[in-house]
Every structure is written in structure tokens, then in C-alpha cells.
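Visitor: sequence first, then the predicted structure, then my questions.
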Amino acid sequence: MKDSSNFSTSTSFTIALLALSVLWFRRNLKSRDLQEEEFEESKYTVSTRGASTLKKGSSYWESFILCIQDPCDPQTNPEGHIALCTAENKLVQETLAYRLMQDGTAITAFSDSSSYCHESLLGLYNAREAVAYFLHKRFLRLDSKIAPLDTLSNDRMMSDAQPNDDENFINPEHIAFGSGVNSLISQVLYSVANAGDVVLIPAPYYTGLDYDIKTIARCEPYPVYMENAILGPTKSDLENAAKIVEKQGKRVRVLLLTNPNDPLGVIYKPHVMRGAVEWAEERKVHIFVDEIYALSTHKYSDHPEPFESIIKVMANRLGDYVHFLWSLSKDFGATGFRFGIIYTQNMELLQTLANLNIFAGVPNPMQMIIAEVLVDDQFIDSFLETSQYQISSSHNICTKKLEEMVIPFVQAEAGLCVYVDFSSLLPEQTFEAEAKFAWLIESVARVVMTPGQSQHDYKPGMFRLCYTWVTPAVLEIAMERLSYIVLQIRRNRSWEDLLGGSWTEEVTKCGTYLSSKRSAQNLSGLDM
């Protein structure tokens, strides 16, 4: 028999040696990481962390800048660049501006002493009160009508009602403001998750979410690929994604849903939202519901799908894990206002935001101006009616032309974009080919769209086409250029030959032709 004492000594030595080896490896790995960090920092005058924010936000950024520097104008610059990659509604800005310039609106905001003083960093109470009224009327949408804001009882509005006290009442104490939904996502993640935690997001999704999730909170976005992206995530879809994440030794902490969806433009049905909430609550996972396009529904589409806010779906009982997000950026075409809203019944989260908002609050005068507008029911009713008509009209310009081109697309029910399938035009089904197609569109047609790869789509050739950042006249020019490109690709040319010949110089002339035709029509309508 072997000597057991020798075996024990040998085993102890081996374990000690392994422990020393692991310690050495970790120490050297840490040293190497520090050296690499110092090496990386030597390239910049900022830290490695700061340098990570210097990277371009998207592959099409430089092309988008050209659209700003040399924008297409039907009359003065019909061959200019056209941005169909930005989901902003410029069509409504003039209407909103006219309302904001009314006598008294700005005077009220700057004559009140509270505009100049420290108040709650969650927001001015009067402004939160106005937003509570707005959310009740536009999102909770109960059959029973809410009284005008100025007739509500002060005792009622100032109460510390808990979530279950009154499902018909949106408590202003549960509302906070931030400088846009991007900022609120970042700050709420910082509050409910740790660095390295995972955020599940149904794919494809808005490309900017990656930046919102990673930059400050240091969390990791993870795309959820679904059995049917149009219908939305099922419990099975979410569970499969979560298990993959957990096998990598990571924790799923948040589920982020955008409803109506960007880029698909579809509306998730109430049972889909309830299923997602049930799955999240079973796992103690926070769920962010971004309803930034909620009031941009296509009212005049052939098959409008009614939208129900998560506030209504949950009968206003959000609990500690469901958080509603909205802002003025999309529905009111006011991205530059940086006015975001979170409605949550998690009081601990609100307390953290009360401290974090020192870095990303909304200026008091802006709060007072917006509060006045949001309770102006007559203006809001008219504004939304006009907005929905304009959105639907521009959407129809796109879809009719796409149908002429025999290019598939997702039939949008809301939002400011249409999701288009150009995969049949690619030389091969790869993301390299998608990038080649995007380059052809950007350089020859001078039209910029959002590629599917940047939105985490698994299928090459998908593009988000935004149609409210430009006027309908410019949109028509862009669609004519795309149609011309599609025609040339389908003429059995090899991709090597596509950039040869004079046709590339003819693409932007589509705009000149349309402008001349429109001018002739305008002249023919004049009384001579």
C-alpha cells in the first residue's frame, strides 16, 4: 500500500502550488490589464472610459452629417442629401412652436420665483401634477372622465396615496422628470442594476439603446430573437434568452420593451404585455416600458390597431418592478427640449432619482412651460389629430412607392418609420453585402437609412426608413431615387458594373424632375 501521509503531503503541496499559480495568473492578468489601460489612455487626453464615448454612434453618422450640411430642398437644392435615418417628427414643430409663443406661456414660466430656485429634483410639484393629469387622460384613458386639473382637490392631489389605494388615480408623487428617455434609462439602470448585469431587449431594436445602457450604468444589452417579432415576445422567448445569458454566468436584471415598437412600428397587444410583465415579476426582473411613440398612432391607416398603455393594461397597479417611460421627443417633435418622464410606484427608486437628477434634471422654466401645454386639452386634441394625419400621409407616400417597387415591408401601426426588406437586392445574404448596399444608397442616391445590423436584426438587408424628419416633397424625391437604384440593380448588372456608366449621375436628377413638375403644376393653377 502507498504511504497515506506522503500522499497527503503531496496533495497539500499540489493544492498550494495550484493556489499560487492562480494567484500569479490573476496578478499578472491584472497588471497586464492596467498596462493596456495606461497604453490606451496614452492615446488620449481623457481616460479610457472617456475615450469609449468618442466612438461614432453609428455606421452612417458621417453620411447623416452630409444631410445636415447639404440638405435636399425641392426648389433650391433638389440634388442634396436626404436623411431617412432620424426618427423625429419635424412635421409638427411649427404647430407646437405657435402654441408655445402665445402670450403668457413664457411669461408665466419666468415670472414665477420657483423657476429660479432649488426645488425637488424629481420635478416641480405643479408640473408633476400636470403630467399626472396628462397621463390619466392620454394613457390610462378610463371610461370615466377626469375633472379638469384646476378643479381637482388639493387634498387629493397632495395625498401620499399608495399604488393600490386608487387605480383611477395617478399620483404626482410617483412621477419624475429627466433630460430625455435616454437619460432616464441610464439613471434607472444605474439604480436597479449593477455593472455587468444584462438588459434583455426584443430585436430588432433602436440602435441608440446600446449607448444608453452601456455608457454610464455599464450594463450589457442582449437582443431577444423571437419566434414572431411582429407579435412580440412570448414567455418562452424571454426564458430562452435568459437561460443563454445565465449559462454565461451573467444576471438578467431588466427587460426593456418599446411599445409601439421601434423600428417595426407594430403595437404589442395587451396580452403580450401582460405575459412579459408576469415573466419579469416571477424572476424579480425590472421591466422598463418605453412608450415614446404612444401618441403617434396611424389613425388613418387601413387597419389601425388600438394602443393600450402599460398603465391601463396593468390597471394602474405597476408595483415595484414595472416602470413607464415617455417623453416629448417623438409625439411632440421636441427632441431638443430634453423632457422625459418616468412613472413608477417604486418609492426607493424615486428616492435614488431624487439624488441622481442633480446631473440630468429638466430646467424649471421648461417644466412650467410644458406643464401649461399638457393640460391644454383643446390644443392637445387638435395637435394630435393633425399629427396623426401627417404621420399617416407620409407613411403612405413610402409604402405606396415600396409596393410599386415590389419591396416587402412591415405594415406599421404607429411610430415614425417603416421597416423595409431590401434583402432581395443584396449580392449575397451577409451583413457585408448589407453594408455595400447602404454605401451605394448613401453615395449614389444620397439617401441615408438605418441598417438592420445596427439594430441587431439577424437578417441582412433590413433597413429602417424614417419619414417625418423631412417634408413630404423631399420624401417623394428620396423614394424616387430609391426606386431608380432598385431598377438598376434588377437589370442584371454585376455589382462591379453598378458604379460604372452614367446612370449613377442620373439618380439625383429624379429630384430635379419632380421639382420641375411640381412647379409647373403650381403655375398652371394660378389665375393669369
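Guide: That came through fine.
Visitor: which residues of the stretch 301-450 of the chain fall in helices?
Guide: Ranges of helices within the stretch 301-450 of the chain are 310-313, 347-356, 364-374, 377-405, 431-440, based on DSSP state H, counting those that start in this stretch.
Visitor: out of those, which is closest to residue 192?
Guide: The minimum distance between residue 192 and the helices of the stretch 301-450 of the chain falls on helix 347-356, with 6.6 Å, by C-beta to C-beta. For glycine as for every other residue, the C-beta is placed from the backbone atoms N, C-alpha and C.
Visitor: what's in contact with that closest one?
Guide: 120-122, 173-174, 176, 178, 187-188, 190-192, 320, 323, 342, 344 (C-beta atoms under 8 Å, 6 or more residues apart in numbering).
Visitor: pick the one among those residues closest to residue 135.
Guide: The closest of these, once distances to residue 135 are taken by C-beta to C-beta, is residue 174, at 9.9 Å.
Visitor: need the helices of the stretch 301-450 of the chain in CSV (columns: mean pLDDT and distance to residue 136).
Guide: Converted to CSV, the helices of the stretch 301-450 of the chain look like this (pLDDT from 0 to 100; distance: least, C-beta to C-beta, whole Å):
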stretch, mean pLDDT, distance to residue 136
helix 310-313, 96, 9
helix 347-356, 96, 19
helix 364-374, 95, 11
helix 377-405, 96, 12
helix 431-440, 94, 43
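Visitor: in a markdown table, list those along with distance to residue 503.
Guide: A markdown table is the format used below for those (distance: least, C-beta to C-beta, whole Å):
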| stretch | distance to residue 503 |
| --- | --- |
| helix 310-313 | 50 |
| helix 347-356 | 55 |
| helix 364-374 | 49 |
| helix 377-405 | 17 |
| helix 431-440 | 12 |
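Visitor: would you list those helices in CSV and tack on mean neighbour count and distance to residue 140?
Guide: Shown next, in CSV, are these (neighbours: other C-beta atoms under 10 Å; distance: least, C-beta to C-beta, whole Å):
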stretch, mean neighbour count, distance to residue 140
helix 310-313, 22, 5
helix 347-356, 16, 19
helix 364-374, 21, 14
helix 377-405, 17, 15
helix 431-440, 18, 41
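Visitor: so where's this protein shaky on pLDDT?
Guide: For the chain, the stretches with pLDDT under 70 are 1-42, 56-57, 142-166, 300-305, 492-493, 499-502, 511-528.
Visitor: next, the most centrally placed residue in it: secondary structure please.
Guide: Central residue of the chain (C-alpha atoms, centre = their mean): residue 206, 5.0 Å from the mean position. Three-state call for residue 206 (DSSP: H, G, I helix; E, B strand; the rest coil): coil.
Visitor: residue contacts, it?
Guide: Per C-beta under 8 Å, 6+ apart, neighbours of residue 206: 87, 258, 262-263, 455.
Visitor: how does it look with 10 Å?
Guide: With contact set as C-beta atoms under 10 Å, 6 or more residues apart in numbering, residue 206 has these partners: 87, 212, 256, 258, 261-263, 290, 292, 417, 450, 454-456, 464.
Visitor: if I look at residue 240, how far off is residue 247?
Guide: Going from residue 240 to residue 247 by C-beta to C-beta, to the nearest Å gives 11 Å.
Visitor: so for those two, which sits in the more crowded spot?
Guide: Taking other C-beta atoms under 10 Å, residue 240 and residue 247 do not tie; residue 240 has more neighbours (15 against 8).
Visitor: which secondary structure element contains the more buried one?
Guide: Here residue 240 sits within helix 235-247, counting by DSSP states H and E.
Visitor: got the buried residues for that helix?
Guide: Buried residues in helix 235-247, counted by 16 or more other C-beta atoms under 10 Å: 237-238, 241-242, 245.
Visitor: then stretch 319-331?
Guide: Buried residues in stretch 319-331 (16+ other C-beta under 10 Å): 320-331.
Visitor: nearest to residue 426 among these?
Guide: Using C-beta to C-beta, residue 330 comes nearest to residue 426 of the buried residues of stretch 319-331, at 30.3 Å.
Visitor: wait, the closest one sits on residue 416?
Guide: Yes - using C-beta atoms under 10 Å, residue 330 makes contact with residue 416 at a distance of 6.4 Å.
Visitor: what is in contact with those two at once?
Guide: Common neighbours of residue 330 and residue 416 (C-beta under 10 Å, 6+ apart) are 87-89, 260, 262, 293, 296, 468.
Visitor: do you have the helices of the stretch 151-300 of the chain handy? List them.
Guide: 154-158, 181-192, 208-214, 235-247, 270-282.
Visitor: out of those helices, deepest packed?
Guide: Per-stretch averages of neighbours, counted by mean count of other C-beta atoms under 10 Å, single out helix 181-192 among those, with a mean of 24.
Visitor: and that helix, what other elements does it pack with?
Guide: Using 3 or more C-beta pairs under 10 Å, 6 or more residues apart in numbering; DSSP states H and E, the elements in contact with helix 181-192 are strand 175-178, helix 208-214, strand 252-258, strand 286-290, strand 322-327, strand 340-344, helix 347-356.
Visitor: report the two of the shared contacts of residue 330 and residue 416 separated the most.
Guide: Going by C-beta to C-beta, the pair spanning the shared contacts of residue 330 and residue 416 furthest: 88 and 260, at 15.7 Å.
Visitor: just the CA trace of stretch 368-377, in PDB.
Guide: Coordinates of each C-alpha in stretch 368-377 appear next as PDB, following Å, rounded to 0.1, in the frame of the first residue of the first chain:
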ATOM      1  CA  MET A 368     -43.600  75.200 -16.300                       C
ATOM      2  CA  ILE A 369     -44.000  75.800 -20.000                       C
ATOM      3  CA  ILE A 370     -44.600  72.100 -20.800                       C
ATOM      4  CA  ALA A 371     -47.000  71.700 -17.800                       C
ATOM      5  CA  GLU A 372     -49.200  74.500 -19.200                       C
ATOM      6  CA  VAL A 373     -49.300  72.900 -22.600                       C
ATOM      7  CA  LEU A 374     -50.000  69.400 -21.500                       C
ATOM      8  CA  VAL A 375     -53.200  70.400 -19.600                       C
ATOM      9  CA  ASP A 376     -54.500  72.500 -22.600                       C
ATOM     10  CA  ASP A 377     -56.900  69.800 -23.700                       C
END
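Visitor: so how far is it from its chain's centroid?
Guide: Mean-position distance between stretch 368-377 and its chain equals 24 Å (C-alpha atoms, centre = their mean, to the nearest Å).
Visitor: contacting residues for the spatially closest residue to residue 393 that is not a sequence neighbour?
Guide: With C-beta to C-beta, 6 or more residues apart in numbering as the criterion, residue 393 has its nearest non-adjacent residue at 6.7 Å, and that residue is residue 472. Contacts for residue 472 (C-beta under 10 Å, 6+ apart) come out as 74, 91, 390, 393-394, 396-397.
Visitor: 7 Å - rerun?
Guide: Residue 472 makes contact with 393-394, 397, according to C-beta atoms under 7 Å, 6 or more residues apart in numbering.
Visitor: any idea which of the residues you listed is closest to residue 59?
Guide: Closest approach between the contacts of residue 472 and residue 59, by C-beta to C-beta: residue 394, at 25.0 Å.
Visitor: measure residue 426 to residue 329 for me?
Guide: Counting by C-beta to C-beta, the gap from residue 426 to residue 329 is 33 Å.
Visitor: coming back round to it: between residue 88 and residue 260, which one's more packed in?
Guide: Higher neighbour count among residue 88 and residue 260: residue 260, with 26 against 18, using other C-beta under 10 Å.
Visitor: you'd agree the more buried one is up against residue 292?
Guide: No - under the criterion of C-beta atoms under 7 Å, residue 260 makes no contact with residue 292, lying 8.7 Å away.
Visitor: neighbours of residue 121, how many?
Guide: 18.
Visitor: find the nearest non-adjacent residue to it, please.
Guide: residue 357 (3.9 Å).
Visitor: show residues contacting the helix holding residue 240.
Guide: The contact list for helix 235-247 (C-beta under 7 Å, 6+ apart) reads 198, 200, 222, 224, 226-227, 252, 255, 275-276, 279.
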